[in-house]
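S.K.: Need coordinates for the below:
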Amino acid sequence: MNIVNTIREKSQKYRMETAEYLSQMVQIPSTSGDEEKVILKIRSQLEKAGIRDVRIDGLGNLIARVGTGPKVLAVDAHIDTVDTGDLSQWEFPPFSGLIRDDFVHGRGTVDQEGGAAAMITAARMLNEMQYNGEYSVYFTFTVLEEDCDGLCWLYLIEKEKLIPDLAVITEPTNLNLYRGHRGRMEIEIDIKGLSAHGSAPERGRNVIYSGSRIALGIEKLHSKLKEDPFLGKGSIAATLFNTGSPSLCAIPDKGFMHIDRRLTWGETKESALAEVTALTDGDARVFVPEYRSPSYTGMLFSQEKYFPTWMIPENHPLVKAGRVSYRALFGKEVNVDKWTFSTNGVAICGRHGIPCIGFGPGNEIHAHAPNEKVPIDHLEKAAAFYAMLPYVLESNNPAEYGGK
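M.R.: This is a model prediction of the structure:
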């Protein structure tokens, strides 16, 4: 059997079925914490595609396996989405799943149920090809990512003990090959003042003034943050500032500020907290909040909102295998780059050091935007890539697939 030709032929044969998988997913709203119906739909799609080793874990992640090899390759898609925003900005209803003009339209087509649909077809192809190589290929359809990226994979690794040797993240890359992204963290500041009558403000400590000084310090800090040649510059932004007082005729005595912090290579939770703490006057508590929301199963699995930076070297064997897979299937070189946003890689690679690459259908500029849509051509090619990768990874002679 010619592996490359077989995968090409099958991915083309199932092209419109892959689009239909996605259309059916999009028609089921699935914001974070409300994924049960779409998880059940994907399970049905997998079973109809001939995949028998399928289960749902305690958090609500759906896990399918093809192959029984001693090594573990995980291919991941989160299947929760953000909400629709202003409906008047949508050309088509966001939950239509409309297939038109070689695109699938609707919320989640790019971020990131398109990757999930391509994974179903990849699993189908590997199953039909009776893949029995070195890898157990786990296709994971994960929950709660939009609310807390990586939480689902902390659960899979730490509770389910599903520990991959390698992983592929199917977030949108515009069919480029990604090898990392900046980390992020949420920082909160509780600011304490002293209330006094508004007619004698000098008797109090006004948190509007002290909080404003902190905010201006954050604005200046942004320009001084580190920059990495590959991942780019760290960033910091104050995104919320609330105050409270006993009366509109009283000096406000409590304030709350929320900060979005993006971390480049070499920046850590500790260094970021120290930078912000240095901007306060001692009457503030600077801390990382905790995510505590149950999944649709009722499971409460929490973590602090720190999501570490990660990247793997450009010459890593997984990146090389991705290059070979792309070249073999599509006859040209793939562009190697990084995400702007954050993914489940913060847990898989950032916390647990498991090498990851990214390859996904759709352009990330459409993520979280109205009129989200993904090319059907991308779905076909992504499915082919996911099916090709385990064959290339286990090959002792990459040249047989066009490798170097």
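
S.K.: hey, let's count contacts and neighbours off CA atoms from now on
M.R.: Noted.

S.K.: Excluding sequence neighbours, find me the nearest residue to the residue nearest the centre of the chain.
M.R.: The chain has Thr343 as the residue nearest its centroid, 2.5 Å off, counting by CA atoms, centre = their mean. Leaving out its chain neighbours, the residue that sits closest to Thr343 by CA to CA, 6 or more residues apart in numbering is Asp149, at 5.9 Å.

S.K.: surely the one you found meets Ser342?
M.R.: Yes. The criterion here is CA atoms under 8 Å, and Asp149 meets it with Ser342 at 7.2 Å.

S.K.: what is in contact with the two at once?
M.R.: Residues touching both Asp149 and Ser342 (CA atoms under 8 Å, 6 or more residues apart in numbering): there are none.

S.K.: Give me the pLDDT for the residue nearest to the centre of the chain.
M.R.: Thr343 carries a pLDDT value of 98.

S.K.: quick one: secondary structure of it?
M.R.: Secondary structure, DSSP: H, G, I helix; E, B strand; the rest coil: Thr343 is coil.

S.K.: so who does it touch?
M.R.: Shown in contact with Thr343 (CA under 8 Å, 6+ apart): 145, 149-150, 169, 171.

S.K.: Can I get those residues in a markdown table including neighbour count?
M.R.: Below are the contacts of Thr343 laid out as a markdown table (neighbours: other CA atoms under 10 Å):
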| residue | neighbour count |
| --- | --- |
| Glu145 | 23 |
| Asp149 | 22 |
| Gly150 | 30 |
| Ile169 | 24 |
| Glu171 | 31 |
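
S.K.: All the strands of the stretch 151-300 of the chain, residue numbers only.
M.R.: For the stretch 151-300 of the chain, the strands defined by DSSP state E, counting those that start in this stretch cover 166-169, 177-178, 180-181, 183-192, 227-228, 232-233, 235-244, 254-263, 284-287, 290-291.

S.K.: Thr309 is nearest to which of those strands?
M.R.: Thr309 lies closest to strand 183-192 among the strands of the stretch 151-300 of the chain, at 3.6 Å (CA to CA).

S.K.: For the closest one, which helices and strands make contact with it?
M.R.: Packing partners of strand 183-192 (3 or more CA pairs under 8 Å, 6 or more residues apart in numbering; DSSP states H and E): helix 207-222, strand 254-263, strand 284-287, strand 306-307.

S.K.: Direction included, what does that strand pair against?
M.R.: Using DSSP bridges, the strands paired with strand 183-192 in its sheet are strand 254-263 (antiparallel), strand 284-287 (antiparallel), strand 306-307 (antiparallel).

S.K.: now the first one and strand 235-244, what's the angle there?
M.R.: Read it as strand 254-263. In terms of direction (axes from the mean of the first three to the mean of the last three CA atoms, to 10 degrees), strand 254-263 departs from strand 235-244 by 170 degrees.

S.K.: List the residue ranges of this protein that fall below the pLDDT cut-off.
M.R.: Within the chain, the stretches with pLDDT under 70 are 397-399, 402-404.

S.K.: Domains in it, by residue range?
M.R.: 3-181+309-401, 183-291 (automatic domain parsing).

S.K.: hang on, isn't Leu151 packed against Ile348?
M.R.: No. Counting by CA under 8 Å, Leu151 stays clear of Ile348, with 9.9 Å between them.

S.K.: Using CSV, write out every CA atom in the longest helix seen in the chain.
M.R.: The residue-count maximum for a helix in the chain (DSSP state H) belongs to helix 376-393. Below are the C-alpha coordinates for helix 376-393, written out as CSV (Å, rounded to 0.1, in the frame of the first residue of the first chain):
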residue,chain,number,x,y,z
ILE,A,376,-13.4,22.8,3.2
ASP,A,377,-10.1,22.4,1.5
HIS,A,378,-8.4,23.1,4.8
LEU,A,379,-10.5,20.4,6.5
GLU,A,380,-9.4,17.9,3.8
LYS,A,381,-5.8,18.7,4.2
ALA,A,382,-5.8,18.8,7.9
ALA,A,383,-7.3,15.3,8.1
ALA,A,384,-4.7,14.0,5.7
PHE,A,385,-1.9,15.6,7.8
TYR,A,386,-3.1,14.0,11.1
ALA,A,387,-3.3,10.6,9.5
MET,A,388,0.1,10.9,7.8
LEU,A,389,2.0,12.0,10.9
PRO,A,390,2.2,8.7,12.8
TYR,A,391,3.6,6.9,9.8
VAL,A,392,6.3,9.5,9.4
LEU,A,393,7.2,9.6,13.1
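
S.K.: For it, name the packing helices and strands.
M.R.: By 3+ CA pairs under 8 Å, 6+ apart, helix 376-393 packs against helix 3-13, helix 15-26, helix 113-128, helix 317-330.

S.K.: Most tightly packed of the ones you listed?
M.R.: With neighbours taken as mean count of other CA atoms under 10 Å, these reach their highest mean count in helix 113-128, at a mean of 27.

S.K.: now for it, which elements pack on it?
M.R.: Where contact means 3+ CA pairs under 8 Å, 6+ apart, helix 113-128 is packed against helix 3-13, helix 15-26, helix 36-48, strand 62-66, strand 71-78, strand 135-142, helix 376-393.
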